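*Asks:* this is a predicted model, with the sequence first.
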Amino acid sequence: MLLTRTSVSHINEVKKALDEAFTIKDLGELKYFLGIEISRNTKGTFLSQKKYIRDIISDVGMEDCIPVAAPLPTGLKLSTEVGELLKTPDTYKILLGRLLYLQITKPDLSYVVQHLSQFIHAPRSPHLRVALHVVKYLKGTLNIGLWYSVDSDLTVKAYSDEDWNGCQFSSRSLSAYTVFLGSNLVSWKTKKQRLVSKSSAEQSMEASKQLAQNPMYHEKSKHLKRDMHYVREQVEDGFLQTAHVSSDKQLADVLTNPLASTQHWSLISKFGLLDQCPT
């Protein structure tokens, strides 16, 4: 059981009550919980899953594998029909489930886990090969975890991105977002949209920016008219500001696309992912 509270005296009161009712063992300050390793000092808190990753690598027999620099190869095209069906599909399903749990401290796996989840009902040999490629990436990022600094400010910042009509099977778009409290990453997600998007404005940040600022574009985008006018009013009132974000600064891009290793590392380094707890 994990007890958290802003007041140490309140935590002690709860522990005393639990001990009187059930006789508990106090393990002291939090260091390991449900596969998550916690390191703390006066500068902040570091979360990682090093042991959990080691167990994955060992269980699939890849202790001697050569690490790779990115979770997915660029230009990867997986299919629901190409490749031999796995004779033991549970191997794939179990591995994918463990990768899913790793997202607690590894947002850099958000896209790959979403992508591989599409094939969980009928996994094929190419799908398993890619999942094992991810294990090679994990070996090279074994020590990396999320750092939460105590010196961060309380400004909320969010990034969103979309791979328009990105699914080759259904033409549905892939959406993703990251939310920061100061410099600390507090929320992120990659998700395929439920419906097929027919608008092309989402795929062009410049188009969205112009629609919000230029009233002469409304005849060309009647299907967006209501939402567009609402956003435009917020821009005119100064509540919202629109600006183009280049790809190298679009942090959510790594959650919607398999990027080359250089761009991948450039973006995830801004997530607060470090290879050790700062001293």
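*Replies:* Right, received. Where do you want to start? Residues are numbered from 1 along each chain as shown.

*Asks:* quick one, what contacts residue 146?
*Replies:* By Cβ atoms under 8 Å, 6 or more residues apart in numbering, the contact set of residue 146 is 46, 47, 48, 105, 107, 185, 271, 272, 273, 274. Yep, even glycine has a C-beta here, placed from its N, CA and C like the rest.

*Asks:* for those, which one is nearest residue 33?
*Replies:* Nearest to residue 33 among the contacts of residue 146 is residue 47, at 9.9 Å by Cβ to Cβ.

*Asks:* quick one: which helix or strand includes the closest one?
*Replies:* Following DSSP states H and E, one finds residue 47 within strand 44-48.

*Asks:* which helix or strand lies directly C-terminal to that strand?
*Replies:* Next in line after strand 44-48, if elements are assigned by DSSP H and E, sits helix 50-59.

*Asks:* which other residues reach that following helix?
*Replies:* Helix 50-59 has contacts (Cβ under 8 Å, 6+ apart) with 32, 35-37, 63, 65, 95, 98-99, 101-102, 135, 138-139, 142-143, 145.

*Asks:* ok so, going back, any idea of the mean pLDDT for the strand holding residue 47?
*Replies:* Regarding strand 44-48, the rounded mean pLDDT is 92.

*Asks:* so how far is residue 160 from residue 233?
*Replies:* Distance from residue 233 to residue 160, counting by Cβ to Cβ, to the nearest Å: 20 Å.

*Asks:* of the two, which one has the most company?
*Replies:* Applying other Cβ atoms under 10 Å to residue 233 and residue 160 shows that residue 160 carries more neighbours, namely 17 against 12.

*Asks:* chain neighbours aside, what residue packs nearest to that one?
*Replies:* Ranked by Cβ to Cβ, 6 or more residues apart in numbering and with sequence neighbours excluded, the top spatial neighbour of residue 160 is residue 177, at 4.4 Å.
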